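Colleague: Okay, sequence plus prediction incoming.
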Amino acid sequence: MINRIVVGAGYGLKDWIAQRATALVMAIYTLILLATLGALGPSSYEAWRSIFANGFMQFMTFLFFISLFWHVWIGVRDIWMDYVKPDGLRLVLMIATIAALVGYAGWAAKILWRL
């Protein structure tokens, strides 16, 4: 009998699926945005603002940003885990990444619902 020692965080499949799901959400949003811009052809600030004042577009845009930030978190976290060997530095970089992404999500919400 061979005893195997499992090492690592064990994120594997869950993060692989999350990366694909968030990429799909971002791709769908991009198609919706391109269709909207193609149909309306906004040429002024007011026209752009009216597109994003719509509750559906606000929700879809926020969903895009949440998907983007989750996608980024998985990728950057893996970079920190693979290439930054000192544990303290890696922890600081991960905390800074989380803080930045949460701040960006709050900033996106503020912009979207301030319209």
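Modeller: Sure thing, it's come through.
Colleague: contacts for the helix or strand bottoming out on mean pLDDT in the chain?
Modeller: Scoring the helices and strands of the chain by mean pLDDT, DSSP states H and E places helix 45-53 at the bottom, with a mean of 92. Here helix 45-53 makes contact (Cβ atoms under 8 Å, 6 or more residues apart in numbering) with Thr36, Leu37, Leu40, Pro42, Met57, Gln58, Thr61, Leu112, Leu115. All C-beta spots, glycine's among them, are computed from the backbone N, C-alpha and C.
Colleague: 10 Å instead?
Modeller: The contact list for helix 45-53, computed with Cβ atoms under 10 Å, 6 or more residues apart in numbering, reads 33, 36-37, 40-42, 44, 57-58, 60-61, 111-113, 115.
Colleague: next one: it to chain centre, how far?
Modeller: Here helix 45-53 is found 23 Å from its chain centre; the criterion is Cα atoms, centre = their mean, to the nearest Å.
Colleague: Drop the exposed ones from the contacts of helix 45-53 and show what's left.
Modeller: Those of those that meet the buried threshold are Leu33, Thr36, Met57, Gln58, Met60, Thr61, Leu112, by 16 or more other Cβ atoms under 10 Å.
Colleague: Ile98: neighbouring residues, count only.
Modeller: Using other Cβ atoms under 10 Å, Ile98 has 14 neighbouring residues.
Colleague: Repeat that for Ala53.
Modeller: Counted with other Cβ under 10 Å, residues neighbouring Ala53 total 13.
Colleague: i'd like the first residue to be 14 from this point on
Modeller: All set: I'll call the first residue 14, so the last point we hit is now Ala66.
Colleague: Extract the CA atoms of the least confident helix or strand of the chain and return them as PDB.
Modeller: This file holds the C-alpha atoms of helix 58-66, laid out as PDB (Å, rounded to 0.1, in the frame of the first residue of the first chain):
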ATOM      1  CA  TYR A  58     -22.800  61.900 -22.200                       C
ATOM      2  CA  GLU A  59     -26.500  61.900 -21.600                       C
ATOM      3  CA  ALA A  60     -27.000  58.900 -24.000                       C
ATOM      4  CA  TRP A  61     -24.300  56.900 -22.200                       C
ATOM      5  CA  ARG A  62     -25.700  57.800 -18.800                       C
ATOM      6  CA  SER A  63     -29.200  56.700 -19.900                       C
ATOM      7  CA  ILE A  64     -27.800  53.300 -20.900                       C
ATOM      8  CA  PHE A  65     -26.400  52.700 -17.500                       C
ATOM      9  CA  ALA A  66     -29.300  54.300 -15.600                       C
END
